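Participant: 3D, please:
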Amino acid sequence: MIPITRCIITKLQSDINGSIAITFAGSLFLLLMVTGIAIDSLRWQMAIHRTQSAIDSAVLAAGRALQSPEATTSSVIETARTFYTNNETAHLISNVVQFEIVEDSAKIRGSSEGSEINTTFLNLLGIDRLPVDVTSTAALDVRDTEISMMLDITGSMGSNGKLESLQIASKSLIDKVLNDSLFENRTRAALVPFSNFVNIDIQYFKSATNEDPPGTGSEFTCVAERDNLNRYTDEPPTSGGYFTHMGNYYTYDPSQICPTVTAIMPLSDNKEALYAHIDSFATRPSSTAGHIGTAWSWYVLSPKWRDFWPDDHKPAYAEQDKVRKVAILMTDGDYNSQYSGQRSRAQAVELCNNMKDEDIIIYAVGFDINETSTAALTLKECATIPTSYHYYRAADGNALKAAYDDIADKLFSLRLSE
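Facilitator: Now for the predicted structure:
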């Protein structure tokens, strides 16, 4: 009996060992498959991420190219393809990425629909490829835009090349925002130089004051703030709401002419005319009535003033989905002159608050001012957001130009969209 028992035991041990081996082999196969699926899944997710990043970079680059006045549809698409090629690291085996400018909009879209990667382990289950379908769209904000530029030409701007720096910075912004493009958006800019008055020129003086100028020529057409109920509104000048002028405060004589040499220029899309007007800026000894410059920066944008300005200079109606209104306020000193009402600074802040209530975007630029000065405080309160996004403090001419260039870039911002 003993030999038979041993044989049975040996047989059972052999069967058990065989079952364990089979079970182990099966478990190992399943483990390898799960690991393989995990590896392929990770490769797939990485391919999607890398393709998305490459297409994002491509459409953003194409969007920047789209802002160039020399842009064509083919050059923009070629820019997108080049950037995609330089940034693509997913190694797609079926790479059919396409780019297009969306019809009738300032959008560039990229898509990898139909692209695939191969698999390493899933092909054992009959899955030899996985799709990599992503899209990305870059959109430019190309609404019609109206910009008023309040520019300080007080006596202090005549020193250390500051006026020349302002002229360079202002023309640089105009060059950027008035560029032609593939789209039919319209941008116009208005110039509001100021010192202790704003010079509105002979053609607008009677309409604004209801009086004839006290002398011949633009040296007699400076106006101050309104000393009536419309001091802080954008109501057009009518009975009870006319402007006071220099003659109300001084007796004119040959030595007492308007210190604001250059008159305002209402909205225009004529780049050369705007350049010429900026080149005509000059300074005379004067103080700073920033509230008056702020007020006229509003008036050149306000649809209520359409009848005041000539046909080519009329502000558009403020439909925010179609047109943006932007004021850029610049000074190099404290607001220290007023002729009625509160101090200049207080009047300016009140005007700024009312402008913002009308959805006017305000950028504020301090040139060669101290951060703790009243000028800095006033500009921060006027800015739409009192941070570096809408407020700038430029220490020198290079910084001033950089500030104006940054504003231009923000006005026509580029973003990824749905």
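
Participant: Show the contacting residues for residue 354.
Facilitator: Applying C-beta atoms under 8 Å, 6 or more residues apart in numbering to residue 354 gives the contacts 232-234, 298. Where C-beta positions appear, they are placed from N, C-alpha and C, glycine not excepted.

Participant: do that again at 7 Å, thanks
Facilitator: Neighbour list for residue 354: 232-233 [criterion: C-beta atoms under 7 Å, 6 or more residues apart in numbering].

Participant: That one - that's part of a helix, no?
Facilitator: Yes - checked against DSSP: H, G, I helix; E, B strand; the rest coil, residue 354 lies within a helix.

Participant: Confirm residue 63 sits in a helix?
Facilitator: Yes - judged by three-state DSSP, residue 63 forms part of a helix.

Participant: can you count the residues close to it?
Facilitator: By the criterion of other C-beta atoms under 10 Å, residue 63 has 25 neighbours.

Participant: Same check on residue 133?
Facilitator: Using other C-beta under 10 Å, residue 133 has 12 neighbouring residues.

Participant: pLDDT score assigned to the nearest residue to it once chain neighbours are set aside?
Facilitator: Closest residue to residue 133 apart from its sequence neighbours, by C-beta to C-beta, 6 or more residues apart in numbering: residue 113 at 5.0 Å. According to the prediction, residue 113 has pLDDT 89.

Participant: didn't residue 113 look like it was pressed against residue 134?
Facilitator: No - the pair residue 113 / residue 134 is not scored as a contact, 8.4 Å apart, by C-beta atoms under 7 Å.

Participant: Pick out whichever of these two has more residues nearby.
Facilitator: Neighbours per residue, other C-beta under 10 Å: of residue 113 and residue 134, the larger number sits with residue 134, 22 against 12.

Participant: tell me the contacts of the more buried one?
Facilitator: By C-beta under 7 Å, 6+ apart, the contact list for residue 134 reads 48, 51-52, 55, 112.

Participant: now do residue 288
Facilitator: Residue 288 neighbours (C-beta under 7 Å, 6+ apart): 154, 195-196, 331, 333-337.

Participant: please redo it, this time with the cut-off set to 10 Å
Facilitator: By C-beta atoms under 10 Å, 6 or more residues apart in numbering, the residues touching residue 288 are 152, 154-157, 194-196, 331-337, 344-345, 375.

Participant: what do you get for residue 164?
Facilitator: Listed by C-beta under 10 Å, 6+ apart, the contact partners of residue 164 are 157-158, 281, 397.

Participant: Which of those residues ranks first by neighbour count?
Facilitator: Top of these by neighbour number is residue 157, holding 28 neighbours under the definition other C-beta under 10 Å.
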